[in-house]
Each structure stands twice: as C-alpha cells, then as structure tokens.
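A.B. asks: Structure for this input, please:
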Amino acid sequence: MTGTTALRPDMDPFVPRPWLRNGHVMTLYAWARHREFPHLPPPEARRFRVLPDTDVLAHCHWQPSPTSAPTLVALHGLESSSDAHYMRGLADKAFARGWNAVRLNQRTCGGTEHLTPRLYHSGLTDDPWAVLRELTTIDGLRTIGVVGYSLGGNLAVKLAAEAADQPGVPLAAAVGVSPAIDLARCVEAIERPVNYPYQWNFVRNLRGRMRRKAAAWPGRFDLSGLDDIWTIRQFDEVYTAPHHGFAGAADYYHRASAVRVVDRIRIPTLLITADNDPFVPVAPFGEPGVRAHTEVRIEAGGGHCGFVAEARDGSDGYWAESTALAFLASVMTPEAGAPRARP
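C.D. replies: Have a look, this model is predicted:
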C-alpha cells in the first residue's frame, strides 16, 4: 500500500532488501548496524539557550558560507540523540548537497541531563522553535528544512502546523519518518506482547535517564517508585505528564499528538511510514485530514525508522534519508523554484 501522492522525479520508490521485509528484522537491523561517515566533517558542538534555566545541545556542520546554503535541522526519536545513525546519515547526505546540517538533541538527551532541570516530551516544540529563531536571527540562515524520526517526526509535523505562527522563521518544509503522530495508538501498539523487547528497551533507558537527572539535580525528582515502572504509559503517568502540566498520560497523548493539528499545515510536509512498522500504526496516515494537508508515503516493508534498500549507484541504501532530503530539495534549493505554500 502506498500513499495517494506520486513520488517526485528525483524520489525513487522504496524496495527493501529481500531479507529485511519483516518489520522486526528491518527495525532491528537498521538500529544495530554500524555505519561510518568518512566524508562528514567533525561537527561544531553548540548550546542553545531555550529557557533561562535550560540549554539544548546541537552538533552542527557548516558550509564555508553558511548563510548562502540551505540548512537541515534533524530531530531524533525517544531516548535517542544527535549521534543516532539516521541523524548522522541525514547530516552526511545534506552536507554532500552543500547544505548546513544541525543535529539537535532533545532537552536532557545526548548526555545533557545537567543542562536543564526539566524533562522533554513528544510534543515539545518550544525548544526547536527557540533554536530555529536563533539560527535565523543570530546566524542569518534564510532557508531551513526539518526532518524528524519517530518522536522527532511528531515534532516535525507539529512544527509544520505551527509555522504560520512563526512568521520570522524561514521554515520551508518538513518531513516525518516513521512519525508517531498519534501517541495513544503508538503506546497501545508497543504494549502488545510481541513488542515487549522494544518497550523494555525504552523503559530501561527512561529509568536510567531519571537516575542521571536526579544525580544532576538533587531534590528535584522523586525516584521512590521508579523501579516499579515497567511500561512507557506508567512512566508518562508518573513523570512526563505531571512534569509538563498534563492531567495524566491520556491527556498528554491527546494534546501532544501532531494528528490533532495537521489541518493547520501550510508548508510542504511529507510523511514516510511503513505498513509493517511494529509500533507506529498505519491507520492514522490514511485519515482524510492527514492526507489533505500532507504528502503521505506508506511503504511496504520499511519497519520502524528502517527503510534499508539495496546500495547501488552511489547510494548507501538508506532510502528514507535520501527521500526526505530530495523532498526538501524540491522546495528549498534555488533550482527547484520558490517554496510552495499549501492553500
């Protein structure tokens, strides 16, 4: 099953490697496979002040004349970081196009627990907006595109929906890869017994992060019930929701999901998902409101944040990275014409 929109001329269809057609195999292979990027220069580590008591860390790859180049801002998934393989893969491909690349950590991620007494959540767009405003006003960047994976995909779609409220920020387009645009459905999916290994991996990392936060900010966090938390829903009920002022996990999932605000999108936005994603259900991507305001690609065999095809013709086979950047290029680069606003 594929989306209703046709791929653009420089976007090839996705054909998974034959032995990776199973969603779990694709997901785990993409997650575990070691990747190297010898042509990507070392990044500049940069802290952005997003609140009086909060910094976020980005790893930036600048072209010789940054203001003359389009800029990619990449957003990672739950309990990941700017060092995720897809973050580096996006940066490598963007830099090769002559673009700047900014790999942004969510607050407290990437070893930055000490930079803020606060936590992040799946719909927290305040931090990316603060970063985008600084890139615009301080660095003078004139054309920016966002690509987010999983949780970061939900954020990317929300940013697209909120772009009309940020007229001074030149956000031209957005892409969500395996985007968790309906958090309640995603949590329900990951709670299925077959997905226990994924859930436990996330919970193990969340529990470890809370211990590091408590060590960095003594007295700020109550860890008395932490060892009794075995699910993402429990973690969100005890920590995420109350920390951010939600009434509970269900309220958080409802209010933080991008599917609620897709009707506000007025910039080109692409959603890439798979029909066999283990824990991002495909159903929300078929909803009329989603398809009316975004370009949707539901690909066969992509898994979660996988989409590994055969490497050929100079491509490394990471189809979603290449397709996301081709979509941005069709909007952002001079030869592709002026940015296209949706009606």
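
A.B. asks: Could you use CA atoms for every contact and neighbour count after this?
C.D. replies: OK.

A.B. asks: quick one, what contacts residue 293?
C.D. replies: 262-266, 269, 342 (CA atoms under 8 Å, 6 or more residues apart in numbering).

A.B. asks: most neighbours, which of those?
C.D. replies: residue 269 (27 neighbours; other CA atoms under 10 Å).

A.B. asks: pLDDT weak spots in the stretch 1-150 of the chain?
C.D. replies: 1-11 (pLDDT under 70).

A.B. asks: Rebuild the contacts of residue 293 as a markdown table, extending it with distance to residue 17 and pLDDT.
C.D. replies: Below are these laid out as a markdown table (distance: CA to CA, whole Å; pLDDT from 0 to 100):
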| residue | distance to residue 17 | pLDDT |
| --- | --- | --- |
| 262 | 32 | 97 |
| 263 | 35 | 97 |
| 264 | 37 | 97 |
| 265 | 34 | 98 |
| 266 | 35 | 96 |
| 269 | 27 | 98 |
| 342 | 35 | 38 |
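
A.B. asks: Nearest to residue 35 among the residues you listed?
C.D. replies: residue 269 (27.7 Å; CA to CA).

A.B. asks: Enumerate the beta-bridge partners assigned to that closest one.
C.D. replies: For residue 269, the beta-bridge partners are residue 174 (DSSP bridges).

A.B. asks: ditto for residue 149
C.D. replies: Beta-bridge partners, per DSSP bridges, of residue 149: residue 177.

A.B. asks: count of neighbours near it?
C.D. replies: By other CA under 10 Å, 27 other residues sit near residue 149.

A.B. asks: do the same with the one 10 residues further on
C.D. replies: Here the count is done by other CA under 10 Å, and residue 159 has 27 residues near it.

A.B. asks: wait, it sits on residue 126?
C.D. replies: No: when contacts are counted by CA atoms under 8 Å, residue 159 is not listed as touching residue 126 (9.3 Å).

A.B. asks: In space, what's closest to residue 291 - neighbours in sequence excluded?
C.D. replies: residue 285 (7.0 Å; CA to CA, 6 or more residues apart in numbering).

A.B. asks: Now do the same contact list for that neighbour.
C.D. replies: 291, 296, 298 are the contacts of residue 285 under CA under 8 Å, 6+ apart.
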